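A.B. asks: pasting a predicted model and its sequence here:
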Amino acid sequence: MIEVRDLAKRYGSTVAVDGISFTVRPGTVTGFLGRNGAGKSTTMRMILGLTRPTRGTALVGGRPYRELTDPLRRVGALLEARAAHPDRTAYHHLLWLARSNRIPKARVHEVLGMTGLEHVAGHRAGGFSLGMAQRLGLAAALLGDPEVLVLDEPMNGLDPDGIRWLRGLLRDHAAHGRTVFVSSHLMGEVAQTADRVIVIEGGRLLADTTVAELTATAGSLEDAFFRLTEGRRG
């Protein structure tokens with residue numbers, strides 16, 4: 001479970017995240033919605049201990065991320081598709097992560113197969129398309145067979161087959177009682193994939209509800225999003 005309580009981040013006079021609180025529960029796919037600059041990535045970075053909050057707390061399984069033992073086994077994260085060193089092959093990128101987190105070498109081959117990267121395992125990451133880089137990032141997130149997934153725009157660059165595959169993977173992960181927290185601009189995909197949605201705008205929480213409840217009177221998730229955020233930017 002991910003617990004965010006009164007989480008805030010200020011950069012000088014700019015408020016990126018403004019005291020938001022929510023819980024992402026196991027057994028569900030939770031979509032994280034907001035325009036560019038709404039505070040989604042900053043929130044995810046604070047959950048993962050990459051950005052220090054101005055105030056508030058973010059806990060994973062009741063503990064701050066930085067206190068987790070073998071974090072890759074607990075949390076799989078994708079924040080930046082091109083995080084792998086460009087001169088390192090897909091296989092060696094994953095192998096390095098596995099060794100540093102005490103994950104068996106055999107798991108590297110498993111996630112390469114899961115993400116459709118077997119045929120490019122020996123290719124350097126710097127030559128990958130955005131879609132292939134996303135698949136490599138997802139392979140890294142899945143490497144430790146984690147209880148929690150935190151994914152920032154994981155569908156960017158994926159072709160229709162890749163999006164369909166990822167949708168099934170996220171649903172399956174949640175069906176096994178695990179926690180999935182995923183941001184996306186693709187409202188149609190969120191509507192098909194997520195059970196719940198959290199909406200922020202201008203760093204403030206606007207909604208924390210089910211997809212069904214949010215769309216009950218709007219017809220679509222996209223329409224519901226624009227009604228909710230209209231006039232609240234900044």
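C.D. replies: Cool, the structure landed.
A.B. asks: could you list every residue that touches Gln192?
C.D. replies: Gln192 sits next to Arg167 when contact means Cβ atoms under 8 Å, 6 or more residues apart in numbering. Every residue, glycine included, has its C-beta placed from N, CA and C.
A.B. asks: just the CA coordinates of whatever helix or strand it lives in, formatted as CSV?
C.D. replies: According to DSSP states H and E, Gln192 maps onto helix 187-193. The C-alpha coordinates for helix 187-193 follow below in CSV (Å, rounded to 0.1, in the frame of the first residue of the first chain):
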residue,chain,number,x,y,z
MET,A,187,-7.7,8.8,-20.8
GLY,A,188,-9.2,6.0,-22.9
GLU,A,189,-6.5,3.6,-21.6
VAL,A,190,-6.9,4.7,-18.0
ALA,A,191,-10.7,4.1,-18.3
GLN,A,192,-10.1,0.6,-19.6
THR,A,193,-7.3,-0.3,-17.2
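A.B. asks: what are the buried residues along that helix?
C.D. replies: 187, 189-191, 193 (16 or more other Cβ atoms under 10 Å).
A.B. asks: okay, strands next: where are they in this structure?
C.D. replies: Ranges of strands within the chain are 2-11, 14-24, 28-33, 55-60, 75-78, 148-152, 179-183, 196-201, 204-210, based on DSSP state E.
A.B. asks: what about stretch 211-222, start to end distance?
C.D. replies: Stretch 211-222 stretches 11 Å from its first residue to its last (Cα to Cα, to the nearest Å).
A.B. asks: now stretch 94-108
C.D. replies: 6 Å.
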